[in-house]
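In: coordinates only, sequence not included:
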Ligand code: FES
């Protein structure tokens with residue numbers, strides 16, 4: 001399914017870009033801009049952003065891994081001294 005009609009970006013391309021970014025850096029915050037950049041494109045009208053974000057959120061590898069402290073989710077920051085779980 002095409003998500004961004006200006007740039008012709010399909011949902012599977014968004015998921016692939018997110019999977020690639022997550023594999024390269026488990027702690028990175030993935031934004032729409034980073035996905036566009038990974039695909040070698042830039043946003044134009046921005047009309048696709050709600051569907052673009054929804055597609056990103058539905059990707060299993062989108063969230064940063066978290067643990068729970070005092071009842072709140074806390075990101076697991078690998079490589080940060082003293083914060084590695
Ligand atoms: S539809 Fe995605 S930038 Fe226009």
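Out: Good, I have the coordinates. These numbers were taken from a predicted model, which means no experiment stands behind them.

In: quick one, phi/psi of residue 15?
Out: Per-residue torsions, residue 15: phi -60, psi -40 (degrees, to the nearest 10).

In: what's the answer for residue 69, then?
Out: The phi and psi values for residue 69, taken as degrees, to the nearest 10, are phi -130, psi 130.

In: Now do the contacts for residue 8.
Out: Shown in contact with residue 8 (CB atoms under 8 Å, 6 or more residues apart in numbering): residue 2. The way it works is simple: take the backbone N, C-alpha and C, and place the C-beta from them, glycine included.

In: Any idea how far stretch 55-73 is from the middle of the chain?
Out: Put simply, stretch 55-73 sits 11 Å off its chain's centre (CA atoms, centre = their mean, to the nearest Å).

In: and what of stretch 34-49?
Out: Computed by CA atoms, centre = their mean, the chain-centroid distance of stretch 34-49 equals 13 Å.

In: who's in contact with it?
Out: Applying CB under 8 Å, 6+ apart, the external contacts of stretch 34-49 come out as 3-7, 9, 13-14, 17-18, 20-21, 28, 32-33, 52, 56.

In: of these, list those near the ligand.
Out: 4-7 (CB under 6 Å from any ligand atom).

In: which of the residues you listed count as buried?
Out: Neighbour counting by 16 or more other CB atoms under 10 Å classes 4, 7 among those as buried.

In: Turn the ones next to the ligand among the contacts of stretch 34-49 into JSON lines, including secondary structure and pLDDT.
Out: Formatted as JSON lines, these follow (DSSP: H, G, I helix; E, B strand; the rest coil; pLDDT from 0 to 100):
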{"residue": "4", "secondary structure": "strand", "pLDDT": "98"}
{"residue": "5", "secondary structure": "coil", "pLDDT": "97"}
{"residue": "6", "secondary structure": "coil", "pLDDT": "97"}
{"residue": "7", "secondary structure": "coil", "pLDDT": "97"}
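
In: on that earlier part again, what about the contacts of stretch 34-49, which are in helices?
Out: 13-14, 17-18, 20-21, 32-33, 52, 56 (DSSP state H).
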